[in-house]
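> Here is my input; please provide its structure:
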Amino acid sequence: MPSARNVALDVLLRVDRGGAFAAPVLQSIIDPRTDPKEAALATELVLGVLRRRSWLDRLLDSVAERGLNKVDPKTRCILRIGAYQITFLDRIPARAAVSEAVAQAKRRGKPRLAPLVNALLRRLSELPEEKRRPSLRGNDPLDLRAARWGLPHWMLSAVIDAHGDDRARAIAEAFNTPARRTLRLDTNRCTRAEVIEQRALECACGLLSPWSIDLSNPGHAAELVEQGKAIIQDEGSQLAVLALDPRPGDQLLDACAGRGGKTATIAVATAGQAQITAIDRAPNKLERLAFELGRQGFEAHTIPHDLTQPLNQT
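Residues are numbered from 1 along each chain as shown. Sure, this is the predicted structure:
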């Protein structure tokens, strides 16, 4: 596997250029045999940069005399990765983050811009910590709060209108907190009590869903997934299925199925006894959905289609 920083750069470029989803791209690059520390750092860099991108760009613009509008996407991603380490990862010395970013610019076809990368990240590292770290103050202008809180301007405005400043601040803080490693068990193949008993020191029940467990060891999580006993799925997705309350014999449509996390959860909830139709406009996602369902012993009727357009089925 390439270094964590190169993996992060590749994933972020695919997200920026092609609208790829970070999680499946990361999953496709990171091999289960990869050094867990490198895999964890690559994941932290990708998800952290995506969560904090607006603030990182604001910081980098503040130390760039002419701004960054003309900087190419690859160099901008290298800068963001370096800035994230300097700003948010205390365990990585700033000088190491700067050095790695400069070396990455040279290796990845941007040697002429290596001095710029060096200069900007050094200036950033010299800022007082209170200027680098975004606070969650509620009296800043909305555009500054949006950057500090890591939410798009339109979303923050809507959340404040719906819930008020204090609740919006708490929601933003939750969004910027790294997610737990939550698995959704196939309770037709194993019970939660059995899994927890086997891995008592590293496993606990999820907070909300009856199918969820929190498992700290990524290798053991991958083992359960490979055995078809679980998938990695946050509890929010599981709660959507609980709210639906599907029953055996139901005819159900997953209208934006993606890779099928909720589709499979419906199958688990109904012990495979519901008739599920899964639709998505991306055929490759439906192929993955069919593979994952098959590995778990389920199936669904799949239709590649964009449901913003009429669907004619004969």
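
> what about Asp214, which helix or strand?
Using DSSP states H and E, Asp214 falls within strand 212-215.

> packing partners for that strand?
Identification of packing neighbours for strand 212-215 by 3 or more CB pairs under 8 Å, 6 or more residues apart in numbering; DSSP states H and E yields strand 182-185, helix 192-198, strand 203-205. Every C-beta, even on glycine, is put in place using the N, C-alpha and C of the backbone.

> what lines up beside it in the sheet?
Its sheet considered, strand 212-215 pairs with strand 182-185 (antiparallel), strand 203-205 (antiparallel) by DSSP bridges.

> CA-only coordinates of the longest one, as CSV, when you get a sec.
The C-alpha atoms that make up strand 182-185 are tabulated as CSV, following Å, rounded to 0.1, in the frame of the first residue of the first chain:
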residue,chain,number,x,y,z
THR,A,182,-20.2,0.8,14.2
LEU,A,183,-21.3,-2.5,12.6
ARG,A,184,-24.7,-3.8,11.8
LEU,A,185,-25.0,-7.5,12.6
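
> got a list of contacts for that strand?
Strand 182-185 is touched from outside by 191-192, 195, 206, 209, 211-215, 221, 224-225, 229-235, 237-238, 261, 264-265, 268, with contacts defined as CB atoms under 8 Å, 6 or more residues apart in numbering.

> ok, now with 10 Å
191-192, 194-195, 203, 206-215, 220-221, 224-225, 229-238, 241, 261-262, 264-265, 268 (CB atoms under 10 Å, 6 or more residues apart in numbering).

> Same question for the shortest one.
Where contact means CB under 10 Å, 6+ apart, the residues beyond strand 203-205 that reach it are 180, 183, 192-193, 195-197, 212-217, 220-221, 224.

> Just the buried ones out of those, please.
Neighbour-count burial (16 or more other CB atoms under 10 Å) applied to the contacts of strand 203-205 gives Leu183, Arg192, Val195, Ile196, Ser212, Ile213, Asp214, Leu215, His220, Ala221, Leu224.

> From Gln85, how far off is the fifth one?
Noted for Ser212: a distance of 31 Å to Gln85, by CB to CB, to the nearest Å.

> Can you tell me the SS state at Gly219?
Recorded secondary structure, Gly219: helix (DSSP: H, G, I helix; E, B strand; the rest coil).

> Equivalent analysis for Gln104, please.
With three-state DSSP as the basis, Gln104 sits in helix.

> That one: what's it in contact with?
Listed by CB under 10 Å, 6+ apart, the contact partners of Gln104 are 3, 5-6, 8-9, 74-75, 77-78, 81-82, 110, 114, 117.

> most surrounded residue in the residues you listed?
When neighbours are counted by other CB atoms under 10 Å, Gly82 leads those with 31 neighbours.

> Name the stretch among the strands paired with strand 212-215 that sits most buried.
The highest average neighbour count among those, using mean count of other CB atoms under 10 Å, belongs to strand 182-185 at a mean of 24.

> how far is it from where the chain is centred?
Relative to the chain's own centre, strand 182-185 is displaced by 16 Å; criterion: CA atoms, centre = their mean, to the nearest Å.

> can you check stretch 86-103 too?
Averaging C-alpha positions (CA atoms, centre = their mean) puts stretch 86-103 22 Å from its chain's average.

> Repeat that for stretch 167-185.
The chain centroid and the centroid of stretch 167-185 are separated by 11 Å under CA atoms, centre = their mean.

> Need the mean per-residue confidence for that stretch.
For stretch 167-185, the mean per-residue pLDDT is 85.

> Now do that stretch: distance from first to last residue.
Separation of the first and last residues of stretch 167-185 by CA to CA, to the nearest Å is 32 Å.

> my read: Ala257 touches Pro283, true?
No. If you go by CB atoms under 10 Å, Ala257 and Pro283 don't touch, sitting 11.5 Å apart.

> could you pull out the strands for the protein?
For the chain, strands defined by DSSP state E occupy the ranges 182-185, 203-205, 212-215, 230-232, 251-254, 275-280, 301-304.

> Mind listing what's buried along the fifth one?
Buried residues in strand 251-254, defined by neighbour count with 16+ other CB under 10 Å: Leu252, Asp254.
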